[in-house]
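1. Any chance you could fold what I've pasted below:
(chains A and B)
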Amino acid sequence: MKKSVILIITTMSLVAIIIIGLLFQRAEIYNETQLVQEIIVTNIRVGDDMFPTIWDSGLNKYRIQNSDPEKPEAIMNLPLYPNLTVDILYNVLPIDATNQSVSFIIDVSPSIAEVNDTGRVTFTETERTSASATITINAEDNSNVRTAVYLRAKIPNA
Amino acid sequence: MNDIKTLIMMQLKDKLDLGFIKDKAQLIRKIVFFALRFIIVAGLAFVLFFLSSYLKIFHNSPYIPTSVMTMVLTFILGVSTFTCTIELIKSLYMAEDNQMLITYPISANRIFLSKIVVYYIYEIYKNVTFTLPIFLAYGLLAPVNWFFYIWVFLSFFFLSMIPVVLAVVLSIPGLFITRFLTRFRLAKIILYVAILGLFIYALVRLFLLIPDEINILSYWGPIKILLTNITNFFQHYFAVVYALVIMVVGKYDATMHYSYLNGDVWLIFLTLLVAIAVLFASVYFLSRYIFIKMTSKSFEYEKRTKIKVLMNRRLPRLLTFVLKELRLLFRTGDFAYNFIATYVSIPLFVLLINQIFASMDLYLNGRFIIQVFTILIIMLPLLSSNSLIATMYSKEGRTAYLKRTKPINAIFPLLAKLIPNIFLSLISLAVSLYVFNLYFDYLTINITFLSLALTFIQIGHLLFCALIDLMNPQNEQYATAGERYSNPNEIRATIFAFAVAFLTAFIILGFVLEEQSSPEKLFNLAFLKIAILGIIFLGVAIYMFIEKIKAYYYDRIS
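-> Next up is the predicted model:
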């Protein structure tokens, strides 16, 4: 059988699944709203590197887990470069929450650090050798659920 | 150097069919098709990457991480290495042209090197038409450096070396495995059947994992987490491939831009060069030794088949020719693989499609549509695979004319050639319909009529395909150009297959909707009508087959 025939059959099947699903599927009625119960910050991503986070009960916030096993309590510093950018990776629970949108609020001025609506934090601090910020993640479904993550960056060897 | 260049060009002409270079019109057509293919692959990749970033599929972020490209490149390199190994085993050690090439006034080392260079050039060609457009599409969405658009073209010359060098390494154990399996046929059959069985079992288990209720919106969160975990797995456990991706696109730094101003990128590049050089040099001496040994080996006395003495039994005429066809099939096997792959994949595909539809809560009309769509999905590949039947008689080349000299009716050898396919395709059809009925639970009489109808259509179409070949024989082309000849009968048969499959599906839909009754509960007249149409189709095919044999073999028209 020719490759083009396989391609046609596969494409046709995909299109059929979508069309049949759209035209002939019974409408589902949602009568129950699942509110967000928890927001978990799983990782902080810097470039391609992942830094797992832990809940610090002292700070009452998430922070980056220290990679040094001898100092698990110490707060880990990210290396501060001009325009250091990090991504906050999070999960919203329960998994079937009706509205899984969240918003981010940062507690410092834009001259130190900024956060955008996807959870990307950019450190704009240029004058001092270190900078820190707390980012609050709020659920947008009126559940009033929120969490916070603490980030600290420092110029290496400064 | 000129001698190696000549050797490479000779072999490339065989592999890539470079005849178009001298013909201006063909050259332009090739360039246009190449550009189109490049744009289509790049466009599709761009759309997929754009959707992934728009829907924030990976890491809950609108930016596609490098781990995604690591996953893509792992698959591409894996498939390339596998196919390259299989082809290099044949080309390096088992190719028939080795015995001719070794008579040229050039050292065996150079012949060996030329063969590897041919595969390297072919790998570059494959990468330029597939992998490169994917990387370029990624570059358009990712924050890459301007240098990427220059470096990506250069880096692929080095990246293409990896599967070739790995294939040269793997071809050595591969050769011994191949020789062992060729020598011990039973072991080969058992191994192939076991692999096929395991593959089918794994696929069935995988398809059955599809949940009873698919609601992508509800499960969007876990799906995103799963996809992120999968890509992270590749970045973590395929660190070498991840390093290669960094080498091509640059290191994703703390400012969230890909940069080449990083020691890692160039260290990886240098390591790659050294690794390839060391690997190639070490394997060159070992592999070259085997190559020279294999090419210089005499082939005249290689066959060690024990001659079995068999009683000359008188068998029915048709059975005699069927046995001959079966022996031919088992001797080479190449022709059978294509059919077996198709016949095995049809029931699996029916299972997958129906498992997906079963998870949707559909209206009654939707249920009718998916029944008919499943029948279309069964008939399309089944009838399309018959297109190879339209080449069967011609592929016999000049030996086909021997049929005229046999003191029997030509219908026996002609029909016998179709019997293995009829038999295997009907098993595939039966299994497919069994899977079909697991989901739709038809009344026995309804499914029987439907099975009969599809069986008649399949056999009828197969006979029509054979007729296409009979009426427009291409024996001379196969005798001169060999297997590479592009047979117009095959294209005609494929178009005919599509027409018959769609017509069957539409007629069934019409009959089923006309009945407007639930086919799983009551006797449905629609299926009886379809069976009658199937009988008529088969009847016409048989009549035409017999009449055309009379006309073309005996110059008789009734």
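2. Surely A:N83 and A:F123 touch.
-> Yes - the pair A:N83 / A:F123 is scored as a contact, 7.1 Å apart, by CB atoms under 8 Å. Glycine gets a C-beta too; all of them are placed from N, C-alpha and C.
3. Among those two, which residue is more densely surrounded?
-> A:F123 (26 against 14; other CB atoms under 10 Å in any protein chain shown).
4. Hmm, that one is touching A:S111, no?
-> No - the criterion here is CB under 8 Å, and A:F123 misses it with A:S111 at 10.4 Å.
5. got the contact list for A:R146?
-> By CB atoms under 8 Å, 6 or more residues apart in numbering or on different chains, the residues touching A:R146 are A:I39, A:T136, A:I137, A:N138, A:A139.
6. again, but for B:G366
-> Here B:G366 is in contact with A:I20, A:L23, A:F24, A:Q25, B:M360 (CB under 8 Å, 6+ apart).
7. Give the phi and psi angles for A:R128, as a check.
-> The phi and psi values for A:R128, taken as degrees, to the nearest 10, are phi -90, psi 170.
8. can you tell me how far it sits from A:S111?
-> Applying CB to CB, to the nearest Å, the value for A:R128 to A:S111 is 10 Å.
9. And A:K3, by the same measure?
-> Applying CB to CB, the value for A:K3 to A:S111 is 58 Å.
10. if you count what's nearby, which of the two comes out ahead?
-> Between A:K3 and A:S111, counted using other CB under 10 Å, the more crowded position is A:S111 (11 against 7).
11. If you count neighbours, what's buried in the strand or helix carrying B:V540?
-> Using DSSP states H and E, the element containing B:V540 is helix B:525-554. Residues of helix B:525-554 classed as buried by neighbour count (16 or more other CB atoms under 10 Å in any protein chain shown): B:526-531, B:533-534, B:537-538, B:541, B:544-545, B:548-550, B:552.
12. B:G250 and B:Y258 touch, don't they?
-> Yes - if you go by CB under 8 Å, B:G250 and B:Y258 touch, sitting 3.6 Å apart.
13. So which residues of chain A form strands?
-> A:38-46, A:49-56, A:61-64, A:78-79, A:84-93, A:102-106, A:113-115, A:120-123, A:130-139, A:146-154 (DSSP state E).
14. counting contacts, what elements does the fourth one pack onto?
-> I take that to be strand A:78-79. Where contact means 3 or more CB pairs under 8 Å, 6 or more residues apart in numbering or on different chains; DSSP states H and E, strand A:78-79 is packed against strand A:146-154.
15. contacting residues around the lowest-mean-pLDDT helix or strand in chain B?
-> Least confident helix or strand of chain B, by mean pLDDT, DSSP states H and E, is helix B:475-481 with a mean of 71. Around helix B:475-481, the neighbours that count as contacts under CB under 8 Å, 6+ apart are B:Y393, B:S394, B:K395, B:E396, B:G397, B:R398, B:A400, B:Y401, B:Y485, B:N487.
16. give me the number of residues near the nearest residue to the fourth one once chain neighbours are set aside?
-> Read that as B:E396. Once flanking residues are discounted, B:E396 sits nearest to B:N475: 6.8 Å by CB to CB, 6 or more residues apart in numbering or on different chains. Per other CB under 10 Å, the neighbour tally for B:N475 reads 17.
17. Could you measure from B:N475 over to B:A466?
-> 14 Å.
18. buried stuff in stretch B:79-91?
-> For stretch B:79-91, by 16+ other CB under 10 Å, it's B:S80, B:T81, B:C84, B:T85, B:E87, B:L88, B:I89, B:S91.
19. and of the contacts of B:G366, the nearest to A:P72?
-> B:M360 (49.1 Å; CB to CB).
20. Pull out the buried residues from the contacts of helix B:475-481.
-> B:Y393, B:S394, B:K395, B:E396, B:A400, B:Y485, B:N487.
21. My guess is the first one contacts B:L470. True?
-> Yes - if you go by CB under 8 Å, B:Y393 and B:L470 touch, sitting 6.4 Å apart.
22. returning to what we had before: what sits in contact with each of B:G250 and B:Y258?
-> What both B:G250 and B:Y258 touch, as defined by CB under 8 Å, 6+ apart, is the set B:V144, B:N145, B:F148.
23. can you confirm the second one is in a helix?
-> No - read with DSSP: H, G, I helix; E, B strand; the rest coil, B:N145 is coil and lies in no helix.
24. need the contact list for it.
-> B:N145 touches B:G250, B:H257, B:Y258, B:S259, B:Y260, counting by CB under 8 Å, 6+ apart.
25. My guess is the last one contacts B:Y252. True?
-> No - with contact defined as CB under 8 Å, B:Y260 and B:Y252 do not form a contacting pair (11.6 Å).
26. what's the model's confidence in stretch B:3-16, averaged?
-> The pLDDT scores in stretch B:3-16 average 76.
27. can you check stretch B:130-140 too?
-> 92.
28. do that stretch and chain A meet?
-> No - using CB under 8 Å from any CB of the partner chain, stretch B:130-140 stays clear of chain A, with a minimum separation of 13.3 Å.
29. buried sites along that stretch?
-> Buried, per 16+ other CB under 10 Å, within stretch B:130-140: B:T131, B:L132, B:P133, B:I134, B:F135, B:L136, B:A137, B:Y138, B:G139.
30. centre of the chain versus that stretch, how much separation?
-> Put simply, stretch B:130-140 sits 24 Å off its chain's centre (CA atoms, centre = their mean, to the nearest Å).
31. Also stretch B:444-458?
-> Centre to centre, stretch against its chain (CA atoms, centre = their mean), the figure for stretch B:444-458 is 29 Å.
32. Let's see that stretch as CSV, backbone CA atoms only.
-> Output of stretch B:444-458 as CSV, limited to C-alpha atoms (Å, rounded to 0.1, in the frame of the first residue of the first chain):
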residue,chain,number,x,y,z
THR,B,444,-26.2,-12.5,14.0
ILE,B,445,-28.2,-12.3,10.8
ASN,B,446,-27.3,-8.7,10.2
ILE,B,447,-23.6,-9.1,10.8
THR,B,448,-23.6,-12.3,8.6
PHE,B,449,-25.2,-10.4,5.7
LEU,B,450,-22.8,-7.5,6.2
SER,B,451,-19.8,-9.8,6.3
LEU,B,452,-20.9,-11.6,3.1
ALA,B,453,-21.4,-8.3,1.3
LEU,B,454,-17.9,-7.0,2.3
THR,B,455,-16.4,-10.4,1.4
PHE,B,456,-18.0,-10.4,-2.1
ILE,B,457,-16.8,-6.8,-2.6
GLN,B,458,-13.3,-7.6,-1.5
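33. Next, the residues that contact that stretch from outside, please.
-> If you take CB under 8 Å, 6+ apart as the criterion, stretch B:444-458 is touched by B:375, B:378-379, B:382-383, B:386, B:422, B:425-426, B:429-430, B:433, B:437, B:442, B:500, B:504, B:519-520, B:523-524, B:527-528, B:530-531, B:533-535, B:537-538.
34. can you tell me the average pLDDT over that stretch?
-> What stretch B:444-458 shows for mean pLDDT is 91.
35. same deal with stretch A:33-40?
-> Mean per-residue pLDDT for stretch A:33-40: 89.
36. Pick out the residue of chain A closest to chain B.
-> A:F24 (2.6 Å; CB to the nearest CB).
37. So the residue nearest to that residue when sequence neighbours are not counted versus B:I378, what's the distance?
-> Spatially, and ignoring its direct neighbours in sequence, A:F24 is nearest to B:G366 (2.6 Å; CB to CB, 6+ apart). From B:G366 across to B:I378, the span is 19 Å (CB to CB).
38. Could you give the number of residues near B:Y252?
-> 24.
39. Hmm, B:F38 is touching B:I134, no?
-> No - if you go by CB under 8 Å, B:F38 and B:I134 don't touch, sitting 10.7 Å apart.
40. which neighbours do B:Y393 and B:L470 share?
-> With contacts taken as CB under 8 Å, 6+ apart, B:Y393 and B:L470 have B:L414 as neighbours in common.
41. Look up which residues are beta-bridged to the residue most central in space within chain A.
-> Nearest to the geometric centre of chain A sits A:L89, at 2.6 Å (CA atoms, centre = their mean). A:L89 has these beta-bridge partners by DSSP bridges: A:N43.
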